[in-house]
Every structure is written in C-alpha cells, then in structure tokens.
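> A predicted structure for the sequence below; I have some questions about it.
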Amino acid sequence: MWSDGFWDKFEIDYDSDLGEALSSLIELAIEPHERSIIADRLIDAIYLFSSAQEDKDDSSRIVKLTAALERLVSLPSEKKDASTTKNFIRRVSSLVSIYYPNDKDWLKISKEMYEIRSEIIHGAWSLYRDIEPLHSSKYSELTSRAIFSACLGFYKRNLTSANNDRLVKEFYDFLENAVNKKLT
C-alpha cells in the first residue's frame with residue numbers, strides 16, 4: 001500500500017532529468033575521473049551535507065552546510081577577493097531561486113547563514129554558551145535545494161566538464177541574469 005505508492009512515485013520521479021543527473025553523478029562518484037570535473041563539486045557538497053545531517057551540534061552543522069554550499073559556488077581565483085561573501089550570497093540564492101523561486105527569501109537566508117558561519121569560525125559566536133538558538137533546519141533546506149538545483153544545472157552543462165573558474169563563473173552569471181529577469 002504505502003510502499004507501492006512510494007515506489008511508483010519514485011519510478012516516475014527517477015525517469016526525469018533529475019533521475020538521469022543523479023544516475024550520472026553516482027557513476028562518477030563510484031569511478032572518479034583523473035582530472036577535476038564539475039561533478040566533483042556536487043559529490044563533495046553531498047558528502048558535506050550528509051555529514052552535517054548526522055552532526056548533533058547546530059553550530060557545527062551550520063559550518064558544514066555552509067562549506068557544502070561554498071564547494072558549489074566558490075571559485076579558487078576569488079579566494080582572497082573582497083566580494084567572497086557577496087558572491088556566495090548571490091550565487092546560492094540564484095541557484096535555489098531557479099527551481100524554488102517563490103518559496104522564501106533565499107537571499108536573506110543565504111546572507112544570514114553565511115554571517116552565522118563567519119561568527120562561529122571567527123570567534124564571535126560562543127559555542128558552549130548557546131546564547132541564541134540556531135535554527136539550522138532552514139539552512140539544511142537551503143543547502144538541499146541548492147544541491148538539487150546544482151545537480152540539474154551542472155548536468156545540463158555536462159557533469160564531466162572541466163572544473164574551472166571560467167565555466168563555473170559563466171554558469172552562475174547566467175543564473176543571476178535569469179533570476180534578475182524573472183524579478184523584473
């Protein structure tokens with residue numbers, strides 16, 4: 001009964017672009033390429049997301065979730081760039097907004113998440129005092145949706161494309177322009 005319904009829906013959902021993207025991603029994770037490919041970003045983000053879900057500490061969970069998103073959107077060439085925070089926020093919110101445009105204010109959630117991560121990492125947040133509650137569930141939702149969006153986006157770009165800054169930057173520039181067009 002429930003089980004049959006679940007598997008019927010699973011089969012329908014799996015017979016889609018997302019199902020094809022996930023199948024390809026699984027194959028690439030099982031047999032990694034010698035060279036760095038764009039799928040590596042997704043595989044690493046999924047590992048970090050999984051680790052975050054198993055973590056019992058909210059502050060640690062938020063750091064891991066943010067690291068998963070950074071793996072998707074950050075570029076090595078921008079490592080010491082003053083716009084790192086701004087790029088993270090814009091790229092994450094654009095990525096999620098493509099498939100989940102009206103659900104929430106993704107820009108605000110992305111900004112809040114990155115700020116909390118920075119406070120934890122740079123010592124402004126007290127790990128043992130738990131001064132304010134951390135609501136990590138909304139950051140888990142943001143991260144999971146970003147990963148699903150990236151699965152489809154990177155799949156469309158070809159998961160075995162070279163993982164280089166130019167390709168990734170072009171991808172996110174395209175997404176940001178598409179989101180901005182939807183808003184105007």
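Thanks, I have it.

> is it fair to say residue 40 lies in a helix?
Yes. If the criterion is DSSP: H, G, I helix; E, B strand; the rest coil, then residue 40 is within a helix.

> now it: how far from residue 72?
Separation of residue 40 from residue 72 (C-beta to C-beta, to the nearest Å) stands at 11 Å. (Each C-beta comes from the backbone N, C-alpha and C, glycine too.)

> more neighbours: these two, which one.
Taking neighbours as other C-beta atoms under 10 Å, residue 40 and residue 72 compare with residue 72 leading, 24 against 17.

> buried ones in stretch 69-89?
Residues 69-75, 87-89 are the ones in stretch 69-89 that count as buried (16 or more other C-beta atoms under 10 Å).

> hmm, who's touching it?
The contact list for stretch 69-89 (C-beta atoms under 8 Å, 6 or more residues apart in numbering) reads 41-42, 44-45, 48, 91-92, 95, 107, 110-111, 113-114, 118, 142-143, 146-147, 150, 165, 168-169, 172.

> filter these down to the ones in helices?
Counted as lying in helices by DSSP state H, out of the contacts of stretch 69-89, are 41-42, 44-45, 48, 91-92, 95, 107, 110-111, 113-114, 118, 142-143, 146-147, 150, 165, 168-169, 172.

> how about the buried residues of stretch 69-89, which pair is most distant?
Distance extremes for those: the farthest pair is 71 and 89 at 15.6 Å, using C-beta to C-beta.

> mark which of the contacts of stretch 69-89 are buried, thanks.
41-42, 44-45, 48, 91-92, 95, 107, 110-111, 113-114, 142-143, 146-147, 150, 168, 172.

> name the nearest residue to residue 113, sequence neighbours excluded.
Distances taken as C-beta to C-beta, 6 or more residues apart in numbering put residue 139 closest to residue 113, at 4.8 Å, once the chain neighbours are dropped.
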